[in-house]
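Trainee: Generate coordinates for the sequence data below:
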Amino acid sequence: MTDTIVIAELNKGSIHSTTKELVSAAQMLGNSCTVVVPCTDSSIADSICSTSGVEKVIVAKSNIFANYDASGWASAIDSVTPEGIIIASASPQSKDLAARLAARRKISVVQDVVAIQDGKLTSPVYSGKAMQTVSMSGNAVISVRQNVFDASPDGGSAEVSVIDASGDVATAVRELITRASTRLDVSEANIIISGGRGMGSPDNFGHLEQIADTLGAAVGASRAAVDAWEAIPHTMQVGQTGKTVNPNLYIAVGISGAIQHLAGMRSSKYIVAINKDPDAPIFQHADYGIVATWEEALPVLQSSLSAMM
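Mentor: Got it, this is the predicted structure:
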């Protein structure tokens, strides 16, 4: 039986919860599961060792993993990862890593997998305009979108080994400077309010942030808004080429409802759409719709929420 190797997703020096979703994806392939944890501190692996379905945990310890360096990470992880099907998260960093691992091993790569059934993988193509289903005839590297598989529960007891993954690394990133933000990530939020080009300007996203602060929500954006305004970072993008979200409440403001955006948020429990165009496609998928401009709707919404809080 071919092994399935999950590359743990990291976030600020700890294992991200999406790693347990990757374990569930591995189990759907019907193979034994090994988790590779790239780290500088081996203790972070403790959080994954008790996950059901995980038979082995390989702790790849190296200073190279302090900051992401594409070639360095690929070299170090490749050196400690056994042969088999490799599964990584479909985050921008891990998709880059997946492609590099596939190239090093001369095997196929399938990105942004959203379904696994009978050993077949389904993923979007042509910017989400179509879906492809592929069968694997051997080892491959696949990246799996977040929030499409249930997290594997606790209840396991994995065998753990710690390996020095320093290897022959030519380069390493010493320091990584990122944009400072204290706001909740859209992929982890239970409530999201997103804006599109209909907001008119990136400055107007401040109105969304006010409502988000009141609700304890994250602020997202459509691809059109991210492409149009440099001030709106890609990390906020919800959709086929952004992040897949699964909140209890999703509020779409000034978003028409293009198929690429719907692919990333259509599994939300409740969808509220605010758009001045009554024929906007978003209304066909919304549980509640408000035909109005954001200037008309948001002040009323903010006032009502403030009165309730």
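Trainee: list the contacts for the residue nearest to Gly216 when sequence neighbours are not counted?
Mentor: Leaving aside its sequence neighbours, Gly216 sits nearest to Ile191 (C-beta to C-beta, 6 or more residues apart in numbering; 6.6 Å). All C-beta spots, glycine's among them, are computed from the backbone N, C-alpha and C. Residues near Ile191 by C-beta atoms under 8 Å, 6 or more residues apart in numbering: Ala212, Leu215, Gly216, Ala217, Ala218, Pro247, Asn248, Leu249, Tyr250, Ile251.
Trainee: Format the CA atom coordinates belonging to the helix or strand containing Ser79 as PDB.
Mentor: Taking DSSP states H and E as the criterion, Ser79 maps to helix 70-80. Provided in PDB are the C-alpha atoms of helix 70-80 (Å, rounded to 0.1, in the frame of the first residue of the first chain):
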ATOM      1  CA  ALA A  70      11.300  28.100  -1.300                       C
ATOM      2  CA  SER A  71      14.400  26.200  -2.400                       C
ATOM      3  CA  GLY A  72      15.700  25.600   1.100                       C
ATOM      4  CA  TRP A  73      12.400  24.200   2.400                       C
ATOM      5  CA  ALA A  74      11.900  22.000  -0.600                       C
ATOM      6  CA  SER A  75      15.400  20.600  -0.300                       C
ATOM      7  CA  ALA A  76      15.100  20.000   3.500                       C
ATOM      8  CA  ILE A  77      11.600  18.500   3.400                       C
ATOM      9  CA  ASP A  78      12.500  16.300   0.400                       C
ATOM     10  CA  SER A  79      15.400  14.800   2.200                       C
ATOM     11  CA  VAL A  80      13.300  13.500   5.100                       C
END
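Trainee: Pull out the buried residues from that helix.
Mentor: Gly72, Trp73, Ala74, Ser75, Ala76, Ile77, Asp78, Ser79, Val80 (16 or more other C-beta atoms under 10 Å).
Trainee: could I get these as a markdown table with distance to Asn139 and pLDDT?
Mentor: Shown next, in a markdown table, are the buried residues of helix 70-80 (distance: C-beta to C-beta, whole Å; pLDDT from 0 to 100):
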| residue | distance to Asn139 | pLDDT |
| --- | --- | --- |
| Gly72 | 23 | 89 |
| Trp73 | 20 | 92 |
| Ala74 | 16 | 93 |
| Ser75 | 19 | 92 |
| Ala76 | 19 | 92 |
| Ile77 | 15 | 94 |
| Asp78 | 13 | 94 |
| Ser79 | 17 | 92 |
| Val80 | 16 | 93 |
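Trainee: Now distance to Ala224 too, for those residues, in a markdown table please.
Mentor: Output for the buried residues of helix 70-80, formatted as a markdown table (distance: C-beta to C-beta, whole Å):
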| residue | distance to Ala224 |
| --- | --- |
| Gly72 | 35 |
| Trp73 | 32 |
| Ala74 | 33 |
| Ser75 | 38 |
| Ala76 | 38 |
| Ile77 | 35 |
| Asp78 | 38 |
| Ser79 | 42 |
| Val80 | 42 |
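Trainee: Low-confidence ranges, the stretch 101-250 of the chain, go.
Mentor: Low-confidence segments of the stretch 101-250 of the chain (pLDDT under 70): 127-128, 167-182.
Trainee: quick one, domains of the chain?
Mentor: 4-164, 186-308 (automatic domain parsing).
Trainee: ok so, going back, and the helix holding Ser79, how far out from the chain's middle?
Mentor: 21 Å (C-alpha atoms, centre = their mean, to the nearest Å).
Trainee: Please name every helix or strand in contact with whichever helix or strand comes after that helix.
Mentor: For helix 70-80, the following helix or strand on the C-terminal side (DSSP H and E) is strand 85-89. If contacts are counted by 3 or more C-beta pairs under 8 Å, 6 or more residues apart in numbering; DSSP states H and E, strand 85-89 sits against strand 4-7, helix 18-28, helix 92-105, strand 140-144.
Trainee: For the stretch 101-250 of the chain, just list every one of the helices.
Mentor: Counting by DSSP state H, counting those that start in this stretch, the stretch 101-250 of the chain has helices at residues 205-215, 223-228.
Trainee: No further queries at this time; thank you.
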